[in-house]
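Visitor: Here's my sequence, what's the structure:
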Amino acid sequence: MGGTTRLWHPKWFSRYIWGGIASIQLTGFIADQTYGIDRTKNPEFMWPWWHEIMRKKEKGEIPMDMPGYMLCKYRNEPEERWTAEREEAYGEFMGAMDAE
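Guide: Okay, here's the model as predicted:
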């Protein structure tokens, strides 16, 4: 009659899997609140170099259609190939971010 405690009862997924995921989320939220971690996005705070590039493009110091990766100091091999292909068009602007 009846039964003993079963491991795989009908609501095991919603109880244990979703409950586990909810516990992880709740723990992360509590940790953020405890240590005062700010999760708001502020584009002015994190991307000043990009805004500097955009201001130079607006002033005409850099062409508007020049790709941003051509202004980077570090380039991987595919970016080096792309840069070499476009050296004629944008060669004179390559060091625009170095001159302050």
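
Visitor: okay, and for this protein, where does confidence drop off?
Guide: 1-4, 43-44, 95-100 (pLDDT under 70).

Visitor: residue ranges of the helices in it, please?
Guide: In the chain, the segments counted as helices under DSSP state H are 12, 18-35, 43-46, 48-59, 77-85, 87-90.

Visitor: Would you format the ones you listed as a markdown table with mean neighbour count and distance to Gly68 included?
Guide: All C-beta spots, glycine's among them, are computed from the backbone N, C-alpha and C. Output for the helices of the chain, formatted as a markdown table (neighbours: other C-beta atoms under 10 Å; distance: least, C-beta to C-beta, whole Å):
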| stretch | mean neighbour count | distance to Gly68 |
| --- | --- | --- |
| helix 12 | 11 | 51 |
| helix 18-35 | 10 | 32 |
| helix 43-46 | 8 | 15 |
| helix 48-59 | 12 | 6 |
| helix 77-85 | 11 | 11 |
| helix 87-90 | 12 | 11 |
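
Visitor: now the ones you listed in a markdown table, with distance to Pro67?
Guide: Formatted as a markdown table, the helices of the chain follow (distance: least, C-beta to C-beta, whole Å):
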| stretch | distance to Pro67 |
| --- | --- |
| helix 12 | 53 |
| helix 18-35 | 37 |
| helix 43-46 | 20 |
| helix 48-59 | 11 |
| helix 77-85 | 8 |
| helix 87-90 | 8 |
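
Visitor: who wins for proximity to Arg6 among the ones you listed?
Guide: The closest of the helices of the chain to Arg6 is helix 12. By C-beta to C-beta, the value is 8.8 Å.

Visitor: Now do the closest one: which elements does it pack against?
Guide: For helix 12, there is no helix or strand it packs on, judged by 3 or more C-beta pairs under 8 Å, 6 or more residues apart in numbering; DSSP states H and E.

Visitor: Begin at 546 from now on, thanks
Guide: That works, and once the first residue is 546, the last one we named lands at helix 557.

Visitor: now that helix, how far from the chain's geometric center?
Guide: Put simply, helix 557 sits 36 Å off its chain's centre (C-alpha atoms, centre = their mean, to the nearest Å).
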